[in-house]
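Participant: Quick one: sequence plus predicted model below, questions after.
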Amino acid sequence: MNLETLLALPRNIKKTFFVIHDVLMIFVAFWFTQSLKADYSDEWSNVANWLVFAVTAALTILTFVRLGLYRAVTRYVSTRVLTSAVFGSVVSMAVFFLATLLFEQRLRLALPIVYFLLLVVLVTSSRMILRSVLSNRRKKQMEPVIIYGAGQSGRQLLEAVKQVSEYYAVAFVDDNPKLQRSMIYDLTVFRPSEIQDLIDRYGVEKILLAIPSATQEERKAIVEKLEKYKCEVLTIPGMKDLVDGKISVSSLKKISVVDLLGRDPVAPRPELMSADITGKTVMVTGAGGSIGSELCRQILRCRPAKLLLFELSEFSLYSIDKELREKQTEKGTDIEVVPLLGSVQDKERLIGIMKAFAVETVYHAAAYKHVPMVEFNTIEGIRNNIFGTLSCAQAAVESSVETFVLISTDKAVRPTNTMGASKRMAELCLQALAAEPGQKTRFCMVRFGNVLGSSGSVVPVFEKQIAAGGPITLTHPDITRYFMTIPEAAQLVIQAGAMGKGGDVFVLDMGESVKIIDLAKQMITLSGLKLKDAAHPDGDIEIKTTGLRPGEKLYEELLIGDDVQKTTHPRIMTASEVMLPWQQLSAILTRMESACRDMNQNDLRALLLEAPTGFNPKDGVCDLVWQQTHRAV
């Protein structure tokens, strides 16, 4: 009968085997002890000895049963099981002592002690040997991993790893010299410089990061050190999940781009977060988008009187409305959430809504933001981004809205594409309206770069391409972008809006720009794969350059002028930008509206160049309908 057959037996049969095993161990311990007597030759025929053995064996097995020794799964033998075996052996020794006095009426005091020590060794060592055999057998089917971080979270992660059949930990690694060379749960703590030796020795392909309390800068430094190893790096959640005791193998996740950026968010200021929201009726346009939906989540936490969700897409509106209602049910709050369908170009609809609900604050996030899509659909991009913003702003004025915040973009700075130019025109509209005499609505604009995980972001695209085996497609090897997380961007938008006095252009500190090809290489490496290029033809994932798309820039900027001033918030700056008085801007907008109606792409481009947008197109007219029409001609 092989090991596989034994393991497949029903649990009751396996328990019976252990009972028989322990009876044999008691037998060996008992008769070895008897052999130490001077007149050993007569002991086998002594009926009293057999009576002592029978009583000792029966009561010992009964004690083991009561202590739960046979309920333990051998492959997970723990200190508790060993303690039960020792305690049971103590009881067995006492029974041995009393039974010998009862039936033989003579006893050398050293014999029970010898019996106890031998029984403990036999009962526990056999289980430890079996556990080792089963453990080694399981390890052949499991993946060896290194746990980086030997603190409390690392130990919790080790316990979680022990409960699954997917991984087994071979070592801890920690930067703390005080922990290095110490033993934690049978695992040695090594220095980071020894990781390659561990990888070679055990065939490690995954490193589990257990450093939830580290700052983003510290995490970035550690991640950069791990890049050189051909291992996938997974990380546990943050401190909240650690405190809640939610660390598990299933909660491990891949290193995020946030870890690669090494940027610690600044804690939001409660007074700025609540200034335009708490107790007020707030409206978010584009509420179902990546930025709009996060704004809604943040706004709800600040307890507005009402939250109006305005969205063109029915499904997006349904999704964010459902999510917010579920969040309220979980937290036991009852803030009124109003889902409203409509287009930002429909001024009458906007006025009707704003007046009916007495809206006090508007966050205008509705826009077409994807550069190539707007290039291919120029007129719709201009109508939505320029005239949609203008309709919202004018509706806010007519409805006596107190605060109007426009979500702008870094692509509005010296734009090379229609999307960026249209967003700069939207800024000009708000600047002109804010400068009008007697203006009561406070307008401000918040400009920032790419947000991680938004629709169209390169990060989820790269992740899908890596999962599919590549290649990763990159438009240009020198392209760079600024990045920020969606929650941080939304918090800063709300805080910047509260700081505005009227016509302000706020710029968020996006940190250092990131070279996209370096980001792609890091994502490949940290997925446990190897870059495939001319120098490494045996690699896993190739990076292919496809060429810049219509209207795409190599580098993004956040400011037009040099007149930049700090604010009281370390991540928010204000810029003085060129503007046009409403009378002059209105004339350009009227001609632009006429060009849209006539589908005159040449006039549209000329007007975008005439306005102080800094528009510097690198491509010809890319609108698909215009190209098809002119191709036919």
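Facilitator: Yes, it's here.

Participant: Now do P570 against I277, distance only.
Facilitator: 22 Å (CB to CB, to the nearest Å). Every C-beta, even on glycine, is put in place using the N, C-alpha and C of the backbone.

Participant: neighbour-wise, which of the two wins?
Facilitator: Remark: of P570 and I277, I277 carries more neighbours, 26 against 9, as counted by other CB atoms under 10 Å.

Participant: Surely that one and C302 touch.
Facilitator: Yes - between I277 and C302 there is a contact under CB atoms under 8 Å: 4.1 Å.

Participant: which residues do those two both contact?
Facilitator: The contact sets of I277 and C302 overlap at I494 (CB atoms under 8 Å, 6 or more residues apart in numbering).

Participant: which residue packs closest to K618, ignoring adjacent ones?
Facilitator: Leaving out its chain neighbours, the residue that sits closest to K618 by CB to CB, 6 or more residues apart in numbering is T416, at 4.9 Å.

Participant: So S126 belongs to a helix, correct?
Facilitator: Yes - if the criterion is DSSP: H, G, I helix; E, B strand; the rest coil, then S126 is within a helix.

Participant: how about low-confidence regions in the stretch 51-200 of the chain?
Facilitator: The stretch 51-200 of the chain contains residues with pLDDT under 70 at 70-81, 104-109, 130-141, 164-165.

Participant: One more pass at 80, please.
Facilitator: 52-53, 56, 63-89, 91-92, 95-97, 99-112, 115-116, 123-142, 159-166, 185-186 (pLDDT under 80).

Participant: Distance of K532 relative to I479?
Facilitator: Going from K532 to I479 by CB to CB gives 20 Å.

Participant: of those two, who's got more company?
Facilitator: For K532 and I479, the more surrounded residue by other CB under 10 Å is I479, and the numbers stand at 20 against 17.

Participant: So what's the predicted local confidence for the more buried one?
Facilitator: I479 is assigned a predicted lDDT (pLDDT) of 81.

Participant: now swap in I386 and tell me
Facilitator: For I386, the model assigns a pLDDT of 96.

Participant: try R11
Facilitator: 58.

Participant: Tell me where the stretch 1-150 of the chain has strands.
Facilitator: Counting by DSSP state E, counting those that start in this stretch, residue ranges of the strands within the stretch 1-150 of the chain are 143-148.

Participant: Dump the C-alpha coordinates for the helix or strand hosting K220 into PDB.
Facilitator: In this assignment (DSSP states H and E), K220 forms part of helix 216-226. C-alpha atoms of helix 216-226 as PDB (Å, rounded to 0.1, in the frame of the first residue of the first chain):
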ATOM      1  CA  GLN A 216       5.300  55.200  -1.100                       C
ATOM      2  CA  GLU A 217       8.800  56.500  -1.500                       C
ATOM      3  CA  GLU A 218      10.100  53.500   0.500                       C
ATOM      4  CA  ARG A 219       8.000  51.100  -1.500                       C
ATOM      5  CA  LYS A 220       9.300  52.500  -4.700                       C
ATOM      6  CA  ALA A 221      12.900  52.100  -3.500                       C
ATOM      7  CA  ILE A 222      12.200  48.400  -2.600                       C
ATOM      8  CA  VAL A 223      10.400  47.700  -5.900                       C
ATOM      9  CA  GLU A 224      13.200  49.200  -7.900                       C
ATOM     10  CA  LYS A 225      15.700  46.900  -6.000                       C
ATOM     11  CA  LEU A 226      13.500  43.900  -6.900                       C
END
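
Participant: which other helices and strands contact it?
Facilitator: With contacts defined as 3 or more CB pairs under 8 Å, 6 or more residues apart in numbering; DSSP states H and E, helix 216-226 has these neighbours: strand 206-209, helix 257-261.

Participant: Going by mean pLDDT, which of these comes out lowest?
Facilitator: Taking the mean pLDDT of the helices and strands packed on helix 216-226, helix 257-261 comes last: a mean of 63.

Participant: Would you tell me what the next helix or strand after that one is?
Facilitator: With DSSP H and E, the next secondary element past helix 257-261 is helix 270-275.

Participant: Please spell out which residues along that next one are buried.
Facilitator: L272, M273, S274, A275 (16 or more other CB atoms under 10 Å).

Participant: what's the answer for stretch 473-486, then?
Facilitator: Across stretch 473-486, burial judged by 16+ other CB under 10 Å covers L474, H476, I479, T480, R481, Y482, F483, M484, T485, I486.

Participant: Run a quick neighbour tally on V95.
Facilitator: Counted with other CB under 10 Å, V95 comes out at 20.

Participant: quick one, what contacts it?
Facilitator: The neighbourhood of V95, defined by CB under 8 Å, 6+ apart, consists of V55, T56, L59, T60.

Participant: ok, and the closest non-adjacent residue to the first one?
Facilitator: Closest residue in space to V55, ignoring its immediate chain neighbours: A99 at 4.6 Å, by CB to CB, 6+ apart.

Participant: same thing with the last one?
Facilitator: Closest residue to T60 in three dimensions, ignoring its sequence neighbours and counting by CB to CB, 6+ apart: S92, at 3.9 Å.

Participant: how close does the one you found sit to L430?
Facilitator: S92 is 87 Å from L430, by CB to CB.

Participant: Check Y185 too.
Facilitator: Using CB to CB, Y185 is found at 61 Å from L430.

Participant: between the two, who's got more neighbours?
Facilitator: More neighbours surround L430 than the other of Y185 and L430, with 28 against 11 (other CB under 10 Å).

Participant: for the helix or strand that one falls within, what is the average pLDDT?
Facilitator: Using DSSP H and E, L430 sits within helix 418-434. Average pLDDT, helix 418-434: 94.

Participant: Now the element after that helix, going C-ward?
Facilitator: As assigned by DSSP H and E, the chain's next helix or strand after helix 418-434 is strand 442-447.

Participant: and the angle from that next one to helix 418-434?
Facilitator: 160 degrees (axes from the mean of the first three to the mean of the last three CA atoms, to 10 degrees).

Participant: Would you confirm that T235 contacts K206?
Facilitator: No - in this structure, T235 is not within contact of K206 by CB under 8 Å, at 11.2 Å.

Participant: These two: which has the busier surroundings?
Facilitator: The neighbour count for T235 versus K206, taken as other CB under 10 Å, is higher for T235 (24 against 16).

Participant: distance of that one from G149?
Facilitator: 10 Å.

Participant: quick one: common contacting residues for those two?
Facilitator: L209, A210, I211.

Participant: which one of those residues sits closest to V170?
Facilitator: Each of the shared contacts of T235 and G149 was scored against V170 by CB to CB, and A210 proved nearest at 14.6 Å.

Participant: My guess is that closest one contacts I146. True?
Facilitator: No - contact criterion CB under 8 Å: A210 and I146 do not qualify, at 10.4 Å.

Participant: for the buried residues of stretch 473-486, which one is nearest R201?
Facilitator: Distances from R201 to those, taken by CB to CB, are shortest for L474, at 36.4 Å.

Participant: May I have the beta-bridge partners of that closest one?
Facilitator: T545 (DSSP bridges).

Participant: Contact partners for it?
Facilitator: I516, I517, A520, I543, K544, T545, T546.

Participant: switch to 10 Å and redo it
Facilitator: L474 is in contact with V458, F462, I516, I517, L519, A520, I543, K544, T545, T546, G547, counting by CB atoms under 10 Å, 6 or more residues apart in numbering.

Participant: pLDDT score for the fifth one?
Facilitator: Meaning L519. Listed pLDDT for L519 reads 81.

Participant: circling back to that earlier point, L59 versus the residue nearest to T60, what's the distance?
Facilitator: Plainly put, S92 is 7 Å away from L59 if you go by CB to CB.

Participant: who has more neighbours, those two?
Facilitator: Taking other CB under 10 Å, S92 and L59 do not tie; S92 has more neighbours (27 against 18).
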